[in-house]
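Novice: this one's sequence-less:
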């Protein structure tokens, strides 16, 4: 139906995308065996700041972040496959989060 109307995305999708961009927001994801979750942060935030959205202890005790882009993770099929192929990057305190990053934070409190 969208193609017939000459559009490539729904109005709701466009509203969400433009709204996030206008407000200077982006999303990162955490994924585990029990839960996958999206978190909203401001554009330009570093990995420790993003970790603080989950819990302040994560920000205070930040050590590093294991990061892969959502698109690359989907192409590989699983976090285990991404690890086996060496596609997960270790990023430090200066890493600026990108929209769609899938992250596992390492911390010590």
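Specialist: Right, received. Where do you want to start? Being a predicted model, the structure only gives us computed values, none of them experimental.

Novice: quick one: residue 42 from residue 67, how far?
Specialist: Distance of residue 42 to residue 67, given as CB to CB, to the nearest Å: 18 Å. Bear in mind the C-beta positions are built from the backbone N, C-alpha and C, glycine included.

Novice: swap in residue 94?
Specialist: For residue 94 relative to residue 67 (CB to CB), the value is 13 Å.

Novice: So for these two, which residue has more residues nearby?
Specialist: When neighbours are counted by other CB atoms under 10 Å, residue 67 comes out ahead of the other of residue 94 and residue 67, with 20 against 8.

Novice: tell me the secondary structure for that one?
Specialist: What DSSP: H, G, I helix; E, B strand; the rest coil gives for residue 67 is strand.

Novice: Can you verify my assumption that it contacts residue 92?
Specialist: No: taking contacts as CB atoms under 8 Å, residue 67 lies outside contact range of residue 92: 10.6 Å.

Novice: shared neighbours of these two, which are they?
Specialist: Residues touching both residue 67 and residue 92 (CB atoms under 8 Å, 6 or more residues apart in numbering): residue 47.
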